[in-house]
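[1] missing the sequence, but the structure's below:
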Ligand code: CA
């Protein structure tokens, strides 16, 4: 059974979300402040965090920053009334995985929760399935650790998922749309350059040769 942490100070919203999630077989915990969200997320095991940005004390963006900084890779979906592009971008850059703007329909939230939990746990008990590699690059899907030539590389949760997608499709040309779909699972505005930005991050961290640009088509990771 998947456990979800709801960090939300509006009791009405928190209980609405909790009720819906429980009815769909999830277990939940609610915290009303950013500080408590960090403590509980680091102390306990959750499969997903639903995070309001406008939290008292510690803002949701600070919560993401602190959790990712402490190595917590639990998927985070931001819930917020702020329909602000910059908040969205900041949230993603800090390591959030998805974004739902209030007011939202519960079905939409549920679909996103399920997608995130599925992407986060593609692994089964067989350890063979938990390690992916391409040349010198090795990903441990269980610990979410990446190494290149046995040297650990720090990747954000989004970067990790992107590189995982490339390895799973090595030698295939992946279009920006396919990568958005696999990694972001989100309706980006057409022309969004988020894929190019993240490929840039990966090249910087893993070596420029690792991902090839296929002009007019997308990107490819040669095996
Ligand atoms: Ca709030």
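    That came through, no problem. Bear in mind the structure is a predicted one, so any value in this text is a computation, not a measurement.
[2] avg pLDDT for the helix or strand harbouring residue 163?
    Following DSSP states H and E, one finds residue 163 within helix 157-168. Rounded to a whole number, the mean pLDDT of helix 157-168 is 90.
[3] pull out the buried residues from it.
    Neighbour-count burial for helix 157-168 flags 157-167 (criterion: 16 or more other Cβ atoms under 10 Å). Glycine gets a C-beta too; all of them are placed from N, C-alpha and C.
[4] for residue 23, see how far away the residue nearest to the spatial centre of the chain is.
    The residue lying closest to the centre of the chain (Cα atoms, centre = their mean) is residue 97, at 3.1 Å. Separation of residue 97 from residue 23 (Cβ to Cβ, to the nearest Å): 23 Å.
[5] same check on residue 164?
    32 Å.
[6] tally of neighbours for the closest residue to the ion within the chain?
    As assessed by Cβ to the ion, the ion sits closest to residue 54 within the chain, at 3.7 Å. Using other Cβ atoms under 10 Å, residue 54 is surrounded by 16 other residues.
[7] just the strands in the protein please.
    When assigned using DSSP state E, the strands of the chain occupy the ranges 3-7, 27-31, 48-52, 76-80, 98-101, 131-134, 137-140, 145-148, 151-153, 212-214, 218-220.
[8] quick one, which of those gets closest to residue 184.
    Counting by Cβ to Cβ, residue 184 lies closest to strand 98-101 out of the strands of the chain; the figure is 7.8 Å.
[9] distance between that closest one and the chain's centre?
    In this view, strand 98-101 has its centroid 12 Å away from the chain centroid, taken as Cα atoms, centre = their mean, to the nearest Å.
[10] go on, stretch 210-223?
    Counting by Cα atoms, centre = their mean, stretch 210-223 is centred 23 Å from the centre of its parent chain.
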